[in-house]
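Visitor: A structural model of the following input is requested.
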Amino acid sequence: MIKNICHEIGESLYKIYRWVRHEGDSTSVTLRDFESALRLKDQELREEKENTEAMATRRSKEIQELRQIIKNLKSVNHQLEEANRISEAHIFSLQSYRPELTTDEARRMYKELVDGVSDWVEDWAEPISEPDFKPIPPWLEAKHRPACLEKFILFINQHRDLKFSIRLPDIDQEVLTATVIRFLYENVFSVAFTGTSGYHYETIMSLAESMIHHMDPKLDLVAVRIWRAQACRSLIAHPDYIVDRQNHVNALSSQLFELLEFLPKKPKDVYRDSIQSMIVEPAVRLQERFLTESNLFHLSFDSRGPEPGSSVRRDLSDAGLASYIYTKELVDIAKSNRKLLLDKLDPPPNTEEVRENLYIMCSMYPALIKRGVGERDDYQEPQVVFKEKILVAWAPPDVKIELNSRMRQGHLYRAISEATSHAR
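Guide: Next comes the predicted model:
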């Protein structure tokens, strides 16, 4: 800075000197004039220096102020980052401790349960196809025969589709599978919790409803459902629930054992243990998983079906008929239990032909339904994750099928009828 000022002073003096020499011949230049010009230039340079120093001072002050602003901003940014970290921690504390159950995972888990029941029935009900099958287990005393059939007959008679279908030939194992799954539907998937845990679950659901309808400001639906799922997980982890659960599993295993007591030819304890480990435990485990998800999963039978053994009823509109038929897995008992795809028939039947020729027999297992939360904080439309499976008979005029024939009846039905008639 000083070097530049000195350089400027030197240049100014040189210019004055040249001016004096140039003007010396034509004008009268005195020493006083020179000194006056020099003082003027010196004052200009001094003022310029003062302005430069003042500007430097201002710049320095501005830099200090900017540094302070940056320091303050860093402090505020640190505080915001800390607040954001705490907020994220709060948000994550409300979210699941594990990934949410996806649609594909729910479908796979439900299919595993259904396939497991079917495999169990196939294993234990295999003797039904034997010519000398008698529905009496070896450990029962003569005076108890056929008391072991009473609960099975009572259960079957409470369900019109099972009561009708057990009479049909060649589908004994399918009907038994449907019976077991119907038992699980009524005693596991339609009942959240039992004992004191059931009371606590009802309290959780009541509080969740209050959060949705009575809080001000209104709570987000997703937050409420996450809270409900977490509360149910806490309930399932509670020691009291573990006791209730085991009692519930034991009771259901005993009930299902008594319901199907006529089947086994193997040791009684092995049979009872297989019911608990292969049927009841997996079902309870799956229901617990459904109850602890923020998305709602539940099983559902379609109640719009016709009387078993009847063609599709006419009080369904065309749209209702399409919704009933094409949202289900149809298995044709008239074609060796092969899957029936109406739109793949040649030629595809029209609506009137479907009404006339499709006979509904029995529901094998219910559909798995999912309901999530949409973008506008409301429930999404129910989504069918796993279709309901129904035994049907596709019987156009050129296919003869005897639905009520006494000549061909289910082997299990005949054996039960004989056992009960001999007891009278």
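
Visitor: pass me the low-pLDDT residue ranges in the stretch 51-200 of the chain, would you?
Guide: Scanning the stretch 51-200 of the chain for pLDDT under 70 picks out 88-99, 126-146.

Visitor: so which residues of it form helices?
Guide: 103-124, 150-157, 160-165, 172-184, 195-213 (DSSP state H, counting those that start in this stretch).

Visitor: put the alpha carbons of the fourth one into PDB.
Guide: Yep, that's helix 172-184 we're talking about. Taking only C-alpha atoms (Å, rounded to 0.1, in the frame of the first residue of the first chain), the coordinates of helix 172-184 have been written out as PDB:
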ATOM      1  CA  ASP A 172     -63.000 -86.400   1.000                       C
ATOM      2  CA  GLN A 173     -59.600 -84.900   1.700                       C
ATOM      3  CA  GLU A 174     -60.600 -81.600   0.200                       C
ATOM      4  CA  VAL A 175     -63.600 -81.400   2.500                       C
ATOM      5  CA  LEU A 176     -61.500 -82.400   5.500                       C
ATOM      6  CA  THR A 177     -59.000 -79.600   4.600                       C
ATOM      7  CA  ALA A 178     -61.900 -77.100   4.300                       C
ATOM      8  CA  THR A 179     -63.100 -78.300   7.700                       C
ATOM      9  CA  VAL A 180     -59.800 -77.700   9.400                       C
ATOM     10  CA  ILE A 181     -59.300 -74.300   7.900                       C
ATOM     11  CA  ARG A 182     -62.900 -73.400   8.800                       C
ATOM     12  CA  PHE A 183     -62.100 -74.300  12.400                       C
ATOM     13  CA  LEU A 184     -59.000 -72.100  12.300                       C
END
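
Visitor: what's whichever helix or strand residue 282 is part of in contact with?
Guide: Per DSSP states H and E: residue 282 is located in helix 281-291. Judged by CB atoms under 8 Å, 6 or more residues apart in numbering, the contacts made with helix 281-291 from elsewhere in the structure are 101, 106, 109-110, 112-113, 116, 184, 188-189, 192, 201, 232, 236, 245, 248-249, 252, 297-298. Placement of C-beta: from N, CA and C, glycine included.

Visitor: before we move on, the earlier item: now the helices of the stretch 51-200 of the chain as CSV including distance to residue 47 and mean neighbour count?
Guide: Compiled in CSV, the helices of the stretch 51-200 of the chain are given as follows (distance: least, CB to CB, whole Å; neighbours: other CB atoms under 10 Å):
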stretch, distance to residue 47, mean neighbour count
helix 103-124, 82, 16
helix 150-157, 111, 16
helix 160-165, 108, 20
helix 172-184, 99, 23
helix 195-213, 75, 15
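
Visitor: okay, and for the stretch 201-350 of the chain, where does confidence drop off?
Guide: By pLDDT under 70, the low-scoring segments of the stretch 201-350 of the chain are 264-266, 313-315.

Visitor: residue 395 is nearest to which of the helices of the stretch 51-200 of the chain?
Guide: helix 160-165 (15.1 Å; CB to CB).

Visitor: now the closest one, how far from the centre of its chain.
Guide: Taking the mean of its C-alpha atoms, helix 160-165 sits 33 Å from the chain's own mean (CA atoms, centre = their mean, to the nearest Å).

Visitor: so what touches it?
Guide: Under the contact criterion CB under 8 Å, 6+ apart, helix 160-165 has outside partners 155-157, 171, 174-175, 178-179, 182, 305, 307-309, 360-363, 391.

Visitor: follow-up on the earlier one: buried residues in the helix holding residue 282, which are they?
Guide: Of all the residues in helix 281-291, those buried under the rule 16 or more other CB atoms under 10 Å are 282-284, 286-288, 290-291.

Visitor: residue 413: what's it in contact with?
Guide: With CB under 8 Å, 6+ apart as the criterion, the residues that contact residue 413 are 166-167, 172.

Visitor: same thing but at 10 Å, please
Guide: 156, 165-169, 172, 175 (CB atoms under 10 Å, 6 or more residues apart in numbering).

Visitor: what's the most distant pair in those?
Guide: The span of these, defined through CB to CB, is set by 156 and 169 at 16.5 Å.

Visitor: residues near residue 79, how many?
Guide: 10 (other CB atoms under 10 Å).

Visitor: can you tell me how far residue 411 is from residue 178?
Guide: In this view, residue 411 and residue 178 are 16 Å apart by CB to CB, to the nearest Å.

Visitor: try residue 284
Guide: Using CB to CB, we find residue 284 at a distance of 20 Å from residue 178.

Visitor: quick one on the thing from earlier: quick one: closest of the helices of the stretch 51-200 of the chain to residue 381.
Guide: Relative to residue 381, the nearest member of these by CB to CB is helix 103-124, separated by 13.8 Å.
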